[in-house]
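Enquirer: I would like the atomic coordinates for the input below:
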Amino acid sequence: TRREMGIAGSRNPEPVRSAGNCLDFAIQNGFERQSVVRETNLLADAINFGVGSVSIDEIQREFERRRSRGEILTGELGGIAQVTTPDVLSEERAMVEWARSGRGKRKALGETREARETAFQELRSGGRMPDSRQIAAVEHVLESQDSVVLVRGKAGTGKTTMMRAAYEGIRAGGKEVHFF
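Expert: Just a heads-up that it's a prediction; the model follows:
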């Protein structure tokens, strides 16, 4: 039969999936880069993963079972149903606490004159004329004594250019830099 042929004509049958497997897959993938996801997106991922093996009703029942047991946490943001898990929430809280406890506990990354000069030279390289916000952001990164330094901005505002300049300055000051 076609089911026995599996993918690309192999003789290995496709694995039979349960609603739990499908929800596990959606949770693993959904929370890989986000702490909170839309409920509809999580369910859609689970349903897509289970096509041919699991019904939508089975996935919804499994979702409700996990929600009632506290394995999935739900809430609304802007009128849109959102979900997370206790494990993800715990990781998030630990990261926030680590960042808070590291305020003012480090040496500035760009404390040397060479670091600052290199950073601002890089910021102006290629004929760029940085605006006051980019300059302030580079100064923030170089002068911060916090364990975690965040930079936010809209698309196209120069965050990458600014971070490249800060990176070069920090390296020129003799420090190693890791981005993630």
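Enquirer: so how far is stretch 172-179 from its chain's centroid?
Expert: 23 Å (C-alpha atoms, centre = their mean, to the nearest Å).
Enquirer: average pLDDT for it?
Expert: Taken as a whole, stretch 172-179 carries a mean pLDDT of 82.
Enquirer: then stretch 49-60?
Expert: Stretch 49-60 comes out at a mean pLDDT of 94.
Enquirer: any idea how far apart the tips of it sit?
Expert: Chord length of stretch 49-60, first to last residue, is 14 Å (C-alpha to C-alpha, to the nearest Å).
Enquirer: residue 20: what's it in contact with?
Expert: Contact partners of residue 20, counting by C-beta atoms under 8 Å, 6 or more residues apart in numbering, are residue 62. Where C-beta positions appear, they are placed from N, C-alpha and C, glycine not excepted.
Enquirer: same question, residue 101
Expert: Residues near residue 101 by C-beta under 8 Å, 6+ apart: residue 147.
Enquirer: can you check residue 133 too?
Expert: 153, 157-158.
Enquirer: from the residues you listed, list the buried ones, please.
Expert: residue 158 (16 or more other C-beta atoms under 10 Å).
Enquirer: let me know the closest of the contacts of residue 133 to residue 119.
Expert: residue 158 (13.6 Å; C-beta to C-beta).
Enquirer: how about that closest one: what's its closest non-neighbour residue?
Expert: Sequence neighbours aside, residue 134 is the residue nearest to residue 158 in space, at 4.8 Å (criterion: C-beta to C-beta, 6 or more residues apart in numbering).
Enquirer: ok, how many other residues are close to the one you found?
Expert: Neighbour count of residue 134, defined by other C-beta atoms under 10 Å: 19.
Enquirer: returning to what we had before: CSV for the contacts of residue 133, including distance to residue 66 and pLDDT?
Expert: Formatted as CSV, the contacts of residue 133 follow (distance: C-beta to C-beta, whole Å; pLDDT from 0 to 100):
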residue, distance to residue 66, pLDDT
153, 37, 85
157, 40, 84
158, 43, 82
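Enquirer: CA atoms of the helix ranked longest in the chain as CSV?
Expert: Longest helix in the chain, counting residues (DSSP state H): helix 86-101. C-alpha atoms of helix 86-101 as CSV (Å, rounded to 0.1, in the frame of the first residue of the first chain):
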residue,chain,number,x,y,z
PRO,A,86,6.0,26.2,33.0
ASP,A,87,9.5,25.2,31.8
VAL,A,88,9.8,28.1,29.3
LEU,A,89,8.4,30.5,32.0
SER,A,90,11.0,29.2,34.5
GLU,A,91,13.8,29.7,32.0
GLU,A,92,12.6,33.2,31.2
ARG,A,93,12.4,34.2,34.9
ALA,A,94,15.9,32.8,35.5
MET,A,95,17.3,34.8,32.6
VAL,A,96,15.6,38.0,33.8
GLU,A,97,16.9,37.4,37.3
TRP,A,98,20.4,36.8,36.0
ALA,A,99,20.3,40.1,34.0
ARG,A,100,19.0,42.0,37.0
SER,A,101,21.5,40.6,39.4
